[in-house]
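Engineer: okay, structure incoming, though there's no sequence with it:
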């Protein structure tokens, strides 16, 4: 029996197994001399990982900062810049893409850098993206035709300000016919429940005798009310690539026009609509859902109003920029507007003051400089979990929830004034 026992013991490994360490982690301290050298290195690496993941001084290589303090960081950044399509030190991004980075850098990495996503689940409801394309196309064609008619002298205004009830009836018949033509192009001509539902939702309020409800019908009513004698002059206009650092120098020369890092960031986009009037201009982006709060503009999460205005107008005096909602059903559409103080005073009697925010050249310059900073961080491989909060980042509907390393208490500590990393670019309001 003793011989058999010695034979069995001699067959056991001379070191502790991984399973034993998991069951009795305290053995690691008292019997480290029994560990195999490879296992000892692995466990030391696990300790470093756990320490860095809990570090409140800042984010590191285990939080989405690619290759931080590692010898292969240069190679990693070369790979990243190739994925981003960079030309040397020039980074060109859609403005909406940089907005998505500001909301959640890690989600930006999964979607825009790796190009991965979960398949969209099957739904019997109309696809929101395709329905939005249909709506935008109808509005583009409708306003484009009126702008052309004004240029040819066939009508006095491209907009509908001051339109009579009979004129509105004629315009909604025109809009309904246009919708049916565009639906054939965007959705195809073959009838099915999904297509018919999408078209019916937009036809609401456009049939003769209907109450003015629905996205397009409400749009016509809002056009008839008008705003500060503004008249549409362009729709769906692509802006030339704009360097936010250079644009900031135009708005606020005292702050300089140099980028905050080695990368030359350029932002692109398409302005849904540009209006002009006596001494004023307006730059609009349509939203089929709730428009972003103007606090998000101040907090760096919404860039379109300031970037598009900088590209089109290059100043804030007499310039309105913001969002126009196109809600479904009998819901009052709202405008969220950035405007100078004088224009805001004229907007308040129209009930827009509560959804408006005053801006100045200095404030716009600061917003643009932060956009430049965000672009520098993208090119620098910084893709940590969101600092904007779970609601702003859309965590509840994110496809990457299972891969995310969001730690809200730690993120709050990193961005707090007590942290050595308090200069980390948290989404704080510039104002």
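Structural biologist: Structure received. What you see is a predicted model; the values in this text were computed from it and never measured.

Engineer: hey, let's count contacts and neighbours off CA atoms from now on
Structural biologist: OK.

Engineer: low-confidence ranges in the stretch 101-250 of the chain?
Structural biologist: 120-127, 189-192 (pLDDT under 70).

Engineer: hey, where'd the strands end up in it?
Structural biologist: Counting by DSSP state E, counting those that start in this stretch, one finds strands in the stretch 101-250 of the chain at the ranges 231-242.

Engineer: which stretches of it form helices?
Structural biologist: Secondary structure of the stretch 101-250 of the chain (DSSP state H, counting those that start in this stretch): helices at 105-108, 128-151, 165-187, 193-203, 215-225, 244-251.

Engineer: would you mark the buried spots in the third one?
Structural biologist: Judged by neighbour count (16 or more other C-alpha atoms under 10 Å), helix 165-187 contains these buried residues: 168-169, 171-172, 175-176, 178-180, 182-183, 187.

Engineer: and for the longest one?
Structural biologist: Residues of helix 128-151 classed as buried: 131-132, 134-144, 146-147, 150 (neighbour count, 16+ other C-alpha under 10 Å).

Engineer: same thing with the fifth one?
Structural biologist: By neighbour count, and taking 16+ other C-alpha under 10 Å as the criterion, the buried residues in helix 215-225 are 215-224.

Engineer: that older thread, can you put the buried residues of helix 165-187 in TSV and add distance to residue 341?
Structural biologist: Shown next, in TSV, are the buried residues of helix 165-187 (distance: C-alpha to C-alpha, whole Å):
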residue	distance to residue 341
168	33
169	37
171	35
172	35
175	36
176	39
178	39
179	39
180	42
182	40
183	42
187	44
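
Engineer: remind me what the lengthiest strand in the chain packs against, helices and strands.
Structural biologist: Under DSSP state E, the strand in the chain containing the largest number of residues is strand 264-277. The contact analysis (3 or more C-alpha pairs under 8 Å, 6 or more residues apart in numbering; DSSP states H and E) places strand 264-277 against strand 90-94, helix 95-103, strand 231-242, helix 244-251, strand 280-287, helix 304-312, helix 361-379.

Engineer: can you list the strands that that strand pairs with?
Structural biologist: Under the criterion DSSP bridges, strand 264-277 sits next to strand 90-94 (parallel), strand 231-242 (antiparallel), strand 280-287 (antiparallel) in its sheet.

Engineer: centre of the chain to the longest one, how far?
Structural biologist: It stands for strand 231-242. Relative to the mean C-alpha coordinate of its chain, strand 231-242 is positioned 19 Å out (C-alpha atoms, centre = their mean, to the nearest Å).

Engineer: again with stretch 400-420
Structural biologist: Its chain's C-alpha centre lies 20 Å from the corresponding centre of stretch 400-420 when counted by C-alpha atoms, centre = their mean.

Engineer: what residues sit buried inside that stretch?
Structural biologist: Neighbour-count burial for stretch 400-420 [16+ other C-alpha under 10 Å]: 400, 404-406, 410-411, 413-416.

Engineer: what average pLDDT does that stretch get?
Structural biologist: Along stretch 400-420, the predicted local confidence has a mean pLDDT of 73.

Engineer: tally of neighbours for residue 338?
Structural biologist: 27 (other C-alpha atoms under 10 Å).

Engineer: and it, how far from residue 236?
Structural biologist: For residue 338, the distance to residue 236 equals 20 Å [C-alpha to C-alpha, to the nearest Å].

Engineer: residue 11 too?
Structural biologist: When distances are taken as C-alpha to C-alpha, residue 11 and residue 236 turn out to be 76 Å apart.

Engineer: before we move on, back to that, export the buried residues of stretch 400-420 to TSV and append columns for secondary structure and distance to residue 391.
Structural biologist: As requested, the buried residues of stretch 400-420 are exported to TSV (DSSP: H, G, I helix; E, B strand; the rest coil; distance: C-alpha to C-alpha, whole Å):
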residue	secondary structure	distance to residue 391
400	coil	15
404	coil	15
405	coil	16
406	coil	13
410	helix	17
411	helix	15
413	helix	19
414	helix	19
415	helix	18
416	coil	20
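
Engineer: could those go into TSV alongside distance to residue 112?
Structural biologist: Conversion of those to TSV gives the following (distance: C-alpha to C-alpha, whole Å):
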residue	distance to residue 112
400	13
404	16
405	18
406	19
410	26
411	23
413	28
414	25
415	25
416	29
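
Engineer: ok, now which ones touch the nearest residue to residue 410 once chain neighbours are set aside?
Structural biologist: Distance criterion C-alpha to C-alpha, 6 or more residues apart in numbering; nearest residue to residue 410, sequence neighbours excluded, is residue 56 at 5.9 Å. By C-alpha atoms under 8 Å, 6 or more residues apart in numbering, the contact list for residue 56 reads 410-411, 413-414, 419.

Engineer: just the pLDDT for residue 56.
Structural biologist: The pLDDT attached to residue 56 in the predicted structure is 76.

Engineer: for it, give its distance to residue 400.
Structural biologist: With the distance defined as C-alpha to C-alpha, residue 56 ends up 24 Å from residue 400.

Engineer: same question, residue 329
Structural biologist: Using C-alpha to C-alpha, which is the criterion applied here, residue 329 is 33 Å from residue 400.

Engineer: export the helices of the stretch 101-250 of the chain as JSON lines, with columns for distance to residue 369.
Structural biologist: Shown next, in JSON lines, are those (distance: least, C-alpha to C-alpha, whole Å):
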{"stretch": "helix 105-108", "distance to residue 369": "18"}
{"stretch": "helix 128-151", "distance to residue 369": "31"}
{"stretch": "helix 165-187", "distance to residue 369": "39"}
{"stretch": "helix 193-203", "distance to residue 369": "40"}
{"stretch": "helix 215-225", "distance to residue 369": "35"}
{"stretch": "helix 244-251", "distance to residue 369": "6"}
